[in-house]
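J.: this one's structure only:
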């Protein structure tokens, strides 16, 4: 490979020279030898100075070298310069026959023009013919002068030397052809590489244009966290998040806060650090920057893995959701304010209706019946208002401590028993006692009440609601399973959204506002736990909630 590179470099250098310089360089080796002979002649062979043929050959060599510079080869045919090596054969013949027996080895100089002709790549047949005839005509005058007293040595040299020059010519011809083929291959590879480079450059330009046109920040990092690619949107977010006076925009130097907007995120919880640890996440909300420039950013990460499964880095996406978060906060504030305003008049209505109903003598049976309808619906409205206020709370207050879940389940079943008996539903609990978890008993009791109440509400008469639990060193998993109408997988994925109710529940006119499960989810997540739902239409639903078994060391 290195030899090919050397040949390629020499070829490129030679092509950068002008035509006259190229011809002169080809003629230069023979000219230098002839010059050395001309200098040595007065000292070594002074009698040759009396040979007109020898002197003329020396002059002819000089004229041929001068012609390399004088003749405008660039204006002539591509093969016009080959007249120089042909005339070289003539000059060598004159030199050899002019020197006679004093310097018989001058015939070897014929190898230079033969090499030139053979390597030229032009006039292939002519160069082969000249490689035989040139040496033959150089030797022929000397051999003819000995006729008829020819020896075997004379005949051998007359035939052998032209054949040797033919062999040299063919070898050079084959080598030149091979070299030109290699050059063409190299040129073809160069062309392919240039095409690939152009295509790669074009794709890179297109990718950069697409990335810069997107409305989200994108950063690609290697396995060590080094940035491989960052679009303009991400650069803007990083500049907004950088500490004052810090030049580098590395993640550890950025102002990144938790969802409360004031608690700095630990290094291992920052998006890029999580990504280079191989985590795959989505909708991870952080706050970047501070003051009026603080932005809410939803982040997601996907790992980059090689064909052999080796982790190579990750791509992290930053989506500015400040407007959405502020809109949700405003919506929650509105719901909270309206709910609060509803609570006072509802409490007044309930209090006065209770007072009227207590005065049995002053109330007719029909009026009492109608007041009970008012009372029942007012209580329903008050429960709905309480749910609205709870769902509107951006952060439910959770005060976890070491709590026995078994006792909470027992209390929840006791509270739901009247509702279950009225609906002819059996409540079955399979929980070891005690079952310890790190939880807020008031909030978890509220979550259990929601789940059990829903299970009863959506189960047909004669159905069964099972409550079971399993514990480990780290987590406690509790399940509430009913035998009700069930849900489709699509509805199961949306069941924890606020105000969501299935089409089946609405058609069955089952009362509810679609807030209980969203409140339950907020309570469980406030504990650092998780809640999920699995369900099949007509086969009931199973809600599984997971809570930490230990204390603050898990947070």
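T.: Cool, the structure landed. All of these numbers come straight from a predicted model, not from anything done at the bench.
J.: looking only at pLDDT, what's the mean for stretch 38-57?
T.: Along stretch 38-57, the predicted local confidence has a mean pLDDT of 90.
J.: I meant to write stretch 404-411 there.
T.: Here stretch 404-411 scores 86 as its mean pLDDT.
J.: Run the chain-centre distance for that stretch.
T.: For stretch 404-411, the gap between its own C-alpha mean and the chain's C-alpha mean amounts to 51 Å (C-alpha atoms, centre = their mean, to the nearest Å).
J.: what comes up buried for it?
T.: By neighbour count, and taking 16 or more other C-beta atoms under 10 Å as the criterion, the buried residues in stretch 404-411 are 404-406, 408-409. Glycine gets a C-beta too; all of them are placed from N, C-alpha and C.
J.: Tell me which of those fall in strands.
T.: With strands defined by DSSP state E, the entries of the buried residues of stretch 404-411 inside them are residue 404.
J.: Output the buried residues of stretch 404-411 as JSON lines; include the columns distance to residue 330.
T.: Rendered in JSON lines, the data for those read as follows (distance: C-beta to C-beta, whole Å):
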{"residue": "404", "distance to residue 330": "40"}
{"residue": "405", "distance to residue 330": "37"}
{"residue": "406", "distance to residue 330": "42"}
{"residue": "408", "distance to residue 330": "35"}
{"residue": "409", "distance to residue 330": "38"}
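J.: Tell me the one of the buried residues of stretch 404-411 nearest residue 92?
T.: For residue 92, the nearest member of the buried residues of stretch 404-411 is residue 405. The distance, counting by C-beta to C-beta, is 111.3 Å.
J.: Give me the below-cutoff pLDDT ranges for the stretch 201-350 of the chain.
T.: By pLDDT under 70, the low-scoring segments of the stretch 201-350 of the chain are 242-253, 328, 331-344, 346.
J.: Over to the stretch 51-200 of the chain?
T.: Filtered on pLDDT under 70, the stretch 51-200 of the chain yields the residue ranges 121-124, 150, 154.
J.: Tell me how many other residues crowd residue 145.
T.: Using other C-beta atoms under 10 Å, residue 145 is surrounded by 10 other residues.
J.: Likewise for residue 424?
T.: Under the neighbour criterion other C-beta under 10 Å, residue 424 is assigned a count of 11.
J.: Is the nearest residue to it once chain neighbours are set aside in a helix, a strand, or coil?
T.: With sequence-adjacent residues excluded and distances taken as C-beta to C-beta, 6 or more residues apart in numbering, residue 424 is closest to residue 461, at 4.2 Å. For residue 461, the assignment made with DSSP: H, G, I helix; E, B strand; the rest coil gives coil.
J.: Can you report how many residues lie near residue 60?
T.: Here the number of neighbours of residue 60 (other C-beta under 10 Å) works out to 18.
J.: Validate this expectation: it resides in a strand.
T.: No. With three-state DSSP as the criterion, residue 60 is located in helix rather than a strand.
J.: now it, nearest residue through space, not along the chain?
T.: If the residues on either side of it in the chain are set aside, residue 60 comes closest to residue 91, at 4.4 Å by C-beta to C-beta, 6+ apart.
J.: just checking, that neighbour touches residue 61?
T.: Yes. The pair residue 91 / residue 61 is scored as a contact, 5.2 Å apart, by C-beta atoms under 8 Å.
J.: Now do the helices in the stretch 151-300 of the chain.
T.: Read by DSSP state H, counting those that start in this stretch, the stretch 151-300 of the chain holds these helices, from start to end of the chain: 152-213, 232-241, 271-276.
J.: Nearest to residue 47, out of these?
T.: The closest of the helices of the stretch 151-300 of the chain to residue 47 is helix 152-213. By C-beta to C-beta, the value is 23.2 Å.
J.: follow-up on the earlier one: pretty sure the residue nearest to residue 424 contacts residue 421?
T.: No. Between residue 461 and residue 421 there is no contact, the gap being 11.1 Å when judged by C-beta under 8 Å.
J.: the more surrounded of the two?
T.: Each of residue 461 and residue 421 had its neighbours counted (other C-beta under 10 Å), and the higher figure belongs to residue 421 (12 against 8).
J.: can you confirm that one is in a helix?
T.: Yes. According to three-state DSSP, residue 421 belongs to a helix.
J.: hmm, back to that, show me the contacts for the residue nearest to residue 424.
T.: Residues in contact with residue 461 (C-beta atoms under 8 Å, 6 or more residues apart in numbering) are 423-425.
J.: mind listing what's buried in stretch 203-219?
T.: Of the residues in stretch 203-219, those buried by neighbour count under the rule 16+ other C-beta under 10 Å are 211, 216-219.
J.: contact partners of it?
T.: 227, 229-238, 272, 297, 315-320.
J.: neighbours around residue 198, how many?
T.: If we define neighbours as other C-beta under 10 Å, then residue 198 has 10 of them.
J.: May I ask you to confirm that residue 459 is in contact with residue 486?
T.: No. Counting by C-beta under 8 Å, residue 486 is not a contact partner of residue 459; they are 10.2 Å apart.
J.: higher neighbour count, residue 91 and residue 61?
T.: For residue 91 against residue 61, the residue with the higher neighbour count under other C-beta under 10 Å is residue 61, and the figures read 25 against 22.
J.: any idea how far residue 114 is from that one?
T.: For residue 61, the distance to residue 114 (C-beta to C-beta, to the nearest Å) stands at 16 Å.
J.: same question, residue 235
T.: Relative to residue 114, residue 235 is positioned 67 Å away (criterion: C-beta to C-beta).
J.: Which residue of those two possesses the greater neighbour count?
T.: A side-by-side neighbour count of residue 235 and residue 114, using other C-beta under 10 Å, places residue 114 first with 25 against 14.
J.: Tell me which residues touch the more buried one, please.
T.: Contact partners of residue 114, counting by C-beta under 8 Å, 6+ apart, are 85, 127, 130-131, 134-135, 165, 168-169, 172.
J.: May I see those organised as TSV, with distance to residue 268 and neighbour count added?
T.: Converted to TSV, those look like this (distance: C-beta to C-beta, whole Å; neighbours: other C-beta atoms under 10 Å):
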residue	distance to residue 268	neighbour count
85	78	25
127	77	26
130	82	23
131	80	29
134	84	26
135	85	28
165	81	26
168	76	16
169	76	24
172	71	20
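J.: I'd like to know which of the residues you listed is nearest to residue 350.
T.: residue 172 (114.3 Å).
J.: quick one, what contacts the closest one?
T.: With contacts defined as C-beta under 8 Å, 6+ apart, residue 172 is in contact with 114-115, 118-119.
J.: Settle this for me: residue 255 is touching residue 290, isn't it.
T.: Yes. Look at residue 255 against residue 290 with C-beta under 8 Å: they come within range, at 5.4 Å.
J.: The two - which one has more neighbours?
T.: For residue 255 versus residue 290, the count of surrounding residues by other C-beta under 10 Å is larger for residue 255: 19 against 15.
J.: coming back round to it: nearest to residue 440, of the contacts of residue 114?
T.: Within the contacts of residue 114, distances to residue 440 taken as C-beta to C-beta reach their minimum at residue 172, with 95.1 Å.
J.: before we move on, back to that, switch the contacts of residue 461 over to CSV; also include pLDDT.
T.: What follows is the contacts of residue 461, written out as CSV (pLDDT from 0 to 100):
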residue, pLDDT
423, 83
424, 86
425, 86
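J.: Now distance to residue 49 too, for those residues, in CSV please.
T.: Compiled in CSV, those are given as follows (distance: C-beta to C-beta, whole Å):
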residue, distance to residue 49
423, 137
424, 140
425, 135
